[in-house]
Each structure stands twice: as structure tokens, then as C-alpha cells.
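> got a sequence here, can you build the structure:
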Amino acid sequence: MFRKSSLSLLNTKTAQWMSILLIPLTLQACSEVVADETQAVSQYLQASSEYLTQQDSYQVENKFVGKVIAKQDANLGFEFAGIIKTLHAIEGQQVVKGQLLAELNTQLLLIERNQLEAQLQQAEAEFDLIEANLSRLNSLSKRGFTSEQNIDELSSQKRVVAANIRSTLSGLEASQYRIDKSKLLAPFDGIVSSRQIAQGEVIAAGSTAFRLLQTGASEVTIGVPASFITQLQGKEHQLEIAGVNYAANLLSVGNEVDTVTRSISLR
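The predicted structure is shown next:
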């Protein structure tokens, strides 16, 4: 009797513990199901639809790399050899057409010119004297007081002196030309790219003294595929140089295709 009641009591307590354990498990399972459903709902993406319209045409922007070149790039030098007397320009300096860049020592040329001027004055004086003597001889010849030989001799001397005058004048022109060419002037507006002479240096004729790059309107060479040539001709284009846009016109199209880049050079 005691043993049976003890078993009944044990069964009753076991049932109570099982009921207590089942309740939390059921609640936990329900919580996990709700969490899974919430997470699944949050993973859905919102999408909106738009109508697409077909265009008749569209533009495609193409960019090509080129090189800016000066219209004129000149190596300047003296026509005659000499010693550099003074320099009036340095590298990077902006100059205008006709501005003096450098000049040679002209002391010897000035001495030669003075000598020629003296020779010219002497020849002109001789010429005037011969003309006066000829005038007197012609007057005497009319009265029969002189011979034709004297007149012929003076006439010949006159021609010789006249030739000397012309030669001296030519020498003076040549001397003045060399003096003028002793000054190196800028042939156009530009920037002195380099200076290769120093004061007191002896420079040979034709040697480069300055390199001058023309300023103002510059030119650009650009390589483009041959298929673009017909689209570019006869139109104004935009060029971007150092972040600045410039309007440009096509000047010429190259005749040969570059074998490496397969492009044609435009200027």
C-alpha cells in the first residue's frame, strides 16, 4: 500500500515537471518561427518599373591625344662671325618682332667704314678736279692751244676715278650691311626657348645663338582613325589643352596611315 502510493506520487511530480519544461520549449519554438518570418520579409526588395523609349539617334564622345606645336620654331644666329658684345634676351623671355636679342662687336667694321668714307671723299675730289681740267682743255682746244691727246688722257682718268667712286660706294654699302647684321633681331613675336651664347664669346657665322618659338595662334597635330576623317572635315571642333577648351579648325589631313597606331595625322 505504501509502495503504490509512493509510485503514484512520483508519477504526479514527473508529470508536473514535464509540463513545466514543455511550456518554455513551446514558447521558444514559437519565437524562432516569428523571427524567421520577419527576417524573410525584410529580405524582399522593392522594385519600380519604368517605360523605355527608343531614340532615333545618339551622340558618342570620342577623345584623341595630340601635340601642340608652334607655328614657327627658329634657330637664330648671326650671318657673320664676330665677338658677342651685348646680350639683350634670356631664356623664357617674351619678345616681339624686331626686338634686339644680341649684338656683335662692330669696332673693326666702323674703322673700315671710316676708311672707305675717306677714300670716297678723295675720289670725289679727284673727279671734280679732272672735270675742271677737262673743261679748261676743251676751251683751249677750241682756240687750238691744246692737243686732243691731253683731252683723251684726262677723259680716261675721269672714267677711272668714276669707277673708283662706284667701288668705294659698294664697299660702304657692304660695310654698312655687316654693321646692320651685327644686331640679331627677333623675326616674329615669340618666347626665347634657349640661349646658347655668352657675352665675349666668339661665334661662327650661322651658329645657333637663340631658339625662338612663335606665340599666338598655335597648331595641334592629332592622330585619329581613318574612319573618322569624313566626319571631321568642314566642322569646328573643341580642343582641351591643360583643362582649357579652345575652338579649332581642321587645316590639313595627312596622306599616310601610321603603321603602328593605324591612325592619320590631322593638323
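
> remind me which residues of this structure are low pLDDT?
For the chain, applying pLDDT under 70 flags the ranges 1-52, 55-58, 141-147, 217, 231, 233-235, 242.

> residue nearest the centroid of it?
Central residue of the chain (Cα atoms, centre = their mean): residue 70, 3.3 Å from the mean position.

> list the contacts of the closest residue to residue 69 other than its chain neighbours.
Counting by Cβ to Cβ, 6 or more residues apart in numbering, residue 69 lies nearest to residue 219, which is 5.4 Å off, once chain neighbours are set aside. Just so you know, the C-beta spots here come from the backbone N, C-alpha and C atoms, and that holds for glycine as well. Residue 219 is in contact with 68-71, 251, 267, counting by Cβ atoms under 8 Å, 6 or more residues apart in numbering.

> now secondary structure too, for these, in JSON lines please.
Shown next, in JSON lines, are the contacts of residue 219 (DSSP: H, G, I helix; E, B strand; the rest coil):
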{"residue": "68", "secondary structure": "strand"}
{"residue": "69", "secondary structure": "strand"}
{"residue": "70", "secondary structure": "coil"}
{"residue": "71", "secondary structure": "coil"}
{"residue": "251", "secondary structure": "coil"}
{"residue": "267", "secondary structure": "coil"}
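
> looking at the sheet around residue 222, what are its partners?
Counting by DSSP bridges, residue 222 is bridged to residue 66, residue 266.

> look up how far residue 267 lies from it.
The gap separating residue 222 from residue 267 is 8 Å, by Cβ to Cβ, to the nearest Å.

> give me the more crowded residue out of the two.
Per other Cβ atoms under 10 Å, whichever of residue 222 and residue 267 has more neighbours is residue 222, with 18 against 13.

> how close does the more buried one get to residue 253?
For residue 222, the distance to residue 253 equals 11 Å [Cβ to Cβ].

> identify the contacts common to those two.
Jointly contacting residue 222 and residue 253 under the rule Cβ under 8 Å, 6+ apart are 265-266.

> which helices and strands sit right next to whichever strand or helix holds residue 256?
Per DSSP states H and E, residue 256 falls inside strand 253-257. In terms of contacts (3 or more Cβ pairs under 8 Å, 6 or more residues apart in numbering; DSSP states H and E), strand 253-257 is packed against strand 263-266.

> helices or strands next to the strand it packs on in the packing?
Counting by 3+ Cβ pairs under 8 Å, 6+ apart, strand 263-266 packs on strand 219-225, strand 253-257.

> and the angle for the longest one with strand 253-257?
This means strand 219-225. On the basis of axes from the mean of the first three to the mean of the last three Cα atoms, to 10 degrees, strand 219-225 is oriented at 40 degrees to strand 253-257.
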